[in-house]
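A.B. asks: This is a predicted model, with the sequence first.
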Amino acid sequence: MNRGLGRVAIVGVGDVGSTTAYSLINAGAVREIVLTDVNRARADGERMDLEHCVPFTRPVNIEVRAVGEVERCDLVVVTAGAAQRPGESRLDLVQRNVDIFKTLFPALSRNNPDSIFLIVSNPVDIMTRAALKLSGLPPAQLFGSGTILDTARFRALISDHFNVSAANVHGHVIGEHGDSEVLVWSRARVGPFYADEYSGISGIPLADADKERIDRSVRRAAYEIIERKGSTHFAIGSACTRLVQSLQDPKGSLYSLSRRFEGIYGLDGVCMSIPTLVSRSGADRQIELALSGGERAALMESAEVLEEVWRNVTFD
Ligand code: NAD
């Protein structure tokens, strides 16, 4: 598969979908955007507003279509569905959003057979697995945004702690995009130095209490934001745009993304995040990360949480 992502569909043009469109337009990342939403008036309103960005950006054609008329797209970003209400976990949304996906797939995948599908709707790991089942597409072609955002939050908090640019911080959050996610402290680095090593070099302590505070902030971030403003949408819009750029690049970039496990860490079937190489050919390859004993056990627990939810999802 070799692709340019000229034509991108956004399915569900609520806060996340419209922000993603806005971010893509400002980055000049695509030539055509197709918006679709059950709420046609909302999609039309977003199209009008977004079109008024175009005099300030690279040319982009924006259209609104019914979901059954979304076709020949290079990338389909799915953000349709119910969002978390204050206090609700991502897993609380599951059956509501699976029922919505049943109305979207397999028509979407049939009409866009060569498209990459990026699932953003929550709970994203379950929704990615549901979309794979409903579409029959291979996991390199259909995957979820997973813990890309949690990973960004982890990097940002380490960057604040040591007062170094986030560009110098490498670290991944793996597992469920949700309460059971795992912050991989054993591999977190500032430049070439492990975080604990950098603490010694910089003289800035990184005590267990600091790690716990960062862990809590990453894990609680969405709850805290939703409590205050109702939804999280800017950072995921930026993340989707960065992914779109990587999906046009012949060189791979590593992201924590939700992709189906096929034997990695001895797991099969579950979708969740580990570092994944993304390039023009899709989410090519998951990379097994050497983990500490505690991190590995936490990853297995995260997989079990997701398996338990999956067992209760119905497709009738
Ligand atoms: P929102 O309520 O603002 O937007 C959802 C949109 O989906 C609405 O416009 C709604 O009309 C539309 N929709 C519902 N059913 C549809 C259907 N059958 N076909 C087409 N459109 C349909 O919610 P939001 O804040 O934009 O969040 C969207 C989803 O993204 C939620 O599930 C949310 O939890 C998730 N989310 C994921 C991440 C992530 O990191 N993966 C981050 C933020 C939000």
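C.D. replies: The structure has been received and is ready for your questions. Numbering: from 1, shown residues only.

A.B. asks: Dump the helix or strand hosting Leu277 to PDB, restricted to CA.
C.D. replies: Secondary structure from DSSP states H and E places Leu277 in strand 268-279. Coordinates of each C-alpha in strand 268-279 appear next as PDB, following Å, rounded to 0.1, in the frame of the first residue of the first chain:
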ATOM      1  CA  ASP A 268      -4.300 -12.800  20.800                       C
ATOM      2  CA  GLY A 269      -7.400 -10.800  19.700                       C
ATOM      3  CA  VAL A 270      -7.400  -7.900  22.200                       C
ATOM      4  CA  CYS A 271      -6.800  -4.400  20.800                       C
ATOM      5  CA  MET A 272      -4.800  -2.100  23.000                       C
ATOM      6  CA  SER A 273      -1.700   0.100  22.700                       C
ATOM      7  CA  ILE A 274       2.000  -0.500  22.600                       C
ATOM      8  CA  PRO A 275       4.600   1.300  20.500                       C
ATOM      9  CA  THR A 276       3.500   0.900  16.800                       C
ATOM     10  CA  LEU A 277       5.400   1.900  13.700                       C
ATOM     11  CA  VAL A 278       3.200   4.100  11.400                       C
ATOM     12  CA  SER A 279       4.000   5.000   7.900                       C
END
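
A.B. asks: For the helix or strand following it, name the packing helices and strands.
C.D. replies: As assigned by DSSP H and E, the chain's next helix or strand after strand 268-279 is strand 282-286. Applying 3 or more CB pairs under 8 Å, 6 or more residues apart in numbering; DSSP states H and E, one finds that strand 282-286 makes contact with strand 253-262, strand 268-279. Backbone N, C-alpha and C define where each C-beta goes, glycine included.

A.B. asks: Would you mind putting those strands into a markdown table with mean pLDDT, mean neighbour count and distance to Leu75 alongside?
C.D. replies: Shown next, in a markdown table, are the helices and strands packed on strand 282-286 (pLDDT from 0 to 100; neighbours: other CB atoms under 10 Å; distance: least, CB to CB, whole Å):
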| stretch | mean pLDDT | mean neighbour count | distance to Leu75 |
| --- | --- | --- | --- |
| strand 253-262 | 97 | 22 | 14 |
| strand 268-279 | 97 | 22 | 12 |
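
A.B. asks: I'd like the ones you listed as TSV, with distance to the ligand appended.
C.D. replies: As requested, these are exported to TSV (distance: least, CB to the nearest ligand atom, whole Å):
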stretch	distance to the ligand
strand 253-262	9
strand 268-279	10
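
A.B. asks: would TSV of those strands with distance to Glu308 be doable?
C.D. replies: Shown next, in TSV, are the helices and strands packed on strand 282-286 (distance: least, CB to CB, whole Å):
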stretch	distance to Glu308
strand 253-262	16
strand 268-279	11
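
A.B. asks: Cool, thanks, signing off.
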